[in-house]
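Peer 1: any chance you could fold what I've pasted below:
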Amino acid sequence: MWLKGPSEGSLEAELPVPIEIRPVRGARRLRLRYDDALGVLKLTCPPRTSRRSALNWAIDQREWIDAQIARALPAEPFTPGAVIPIQGQDVRLVWSAAEPRTPRLGGSELRCGGPEQGFERRMESFLKRLALETVSREVAEFSQAAGVTARSVSVGDAGTRWGSCSSQGRIRLSWRLIFAPPEVRRYVVAHEVAHLVHLDHGPKFKSLEARLLGPGVSEAKALLRRLGPRLRRLGRRD
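Peer 2: Model (predicted):
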C-alpha cells in the first residue's frame, strides 16, 4: 500500500474520476481499465512502479479515458426539444413543419423543418458544416501567424483524438469542437497548427503554441478535459 505524497493529490485532480492503483507481481507493463459501474479507473502495474509515475502514465492516457467515460454516459441524441451547446452556448433544437428543411441558427434556437424522421441527420450535417467552416477559418488565421500553410483541413469523429496533423501538413479536427467554448476549440486548432512547424511536443512547439493562442493554454486544456466526455456523447444514441 502506498502513502500518497503531497504532489500526488494534484496529479489525481487531473483525472476526471477516482483511480485505484494496484501493483501486481509478475506484471510487466501498466494496464488501465474503466469500471463504469463504480465510476473508477483501475490501474495495475509492476511492483516496482512508483505511484507518481503510475499517475503520470494514467494522465497521458487522458483521451482514452475520456472516450471510455463518454461511452458510459447517457447518450444525448439530436431530438426536437433537446438542448445542446453550440460554441459553448446552450441552444434548443426545434422542429417545425413550417420551417425550411435546412437548419437555421438564430439566438438560442436551431430550427429546421422537413420530414421529422430526418431531423437528427439534418442537424448533424448542419453542425459538421458549421464546424468545418469555423475551424478552416481558424486554421488559416493561425497558419498565417505561424508563417506556414496547411495542405488540407477536414473534420471527422475520431474516438480518442480532438485533432491531428500529418507530416504532409494535413490537419484533421473533431467536428465536435463546435460544441465547445471558442477558447477551447481555438486551443485545439492552435495546437495542430503548431504541429505544422514542430511534429513533437518539445519546448519550441510549446512556445509556438503559446504564441499562437496567447494566454490561457493551460486553462483551455483543463476545460477540454472537463467537457470532453459530454461532447463525445452529443448526437449519439445508445
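Peer 1: which parts of the top helix by length along the chain are buried?
Peer 2: Ranked by residue count, the top helix of the chain under DSSP state H comes out as helix 119-146. For helix 119-146, a neighbour-count test (16 or more other C-beta atoms under 10 Å) marks 119-120, 122-124, 126-128, 130-132, 134-136, 138-139, 142-143, 146 as buried. Just so you know, the C-beta spots here come from the backbone N, C-alpha and C atoms, and that holds for glycine as well.
Peer 1: now do stretch 157-170
Peer 2: For stretch 157-170, by 16+ other C-beta under 10 Å, it's 162-163, 165.
Peer 1: strands of the chain, residue ranges please.
Peer 2: 19-23, 31-35, 40-45, 83-86, 89-95, 104-106, 109-112, 152-156, 163-165, 170-174 (DSSP state E).
Peer 1: make a markdown table from the ones you listed and add distance to Leu234 and mean pLDDT to it.
Peer 2: Output for those, formatted as a markdown table (distance: least, C-beta to C-beta, whole Å; pLDDT from 0 to 100):
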| stretch | distance to Leu234 | mean pLDDT |
| --- | --- | --- |
| strand 19-23 | 26 | 94 |
| strand 31-35 | 20 | 93 |
| strand 40-45 | 23 | 94 |
| strand 83-86 | 6 | 98 |
| strand 89-95 | 11 | 98 |
| strand 104-106 | 16 | 95 |
| strand 109-112 | 13 | 97 |
| strand 152-156 | 15 | 98 |
| strand 163-165 | 18 | 95 |
| strand 170-174 | 11 | 97 |
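Peer 1: just those strands: most buried one?
Peer 2: Most buried of the strands of the chain by mean neighbour count (mean count of other C-beta atoms under 10 Å) is strand 170-174; its value is a mean of 22.
Peer 1: name the strands paired with that strand and say parallel or antiparallel.
Peer 2: strand 152-156 (parallel), strand 163-165 (antiparallel) (DSSP bridges).
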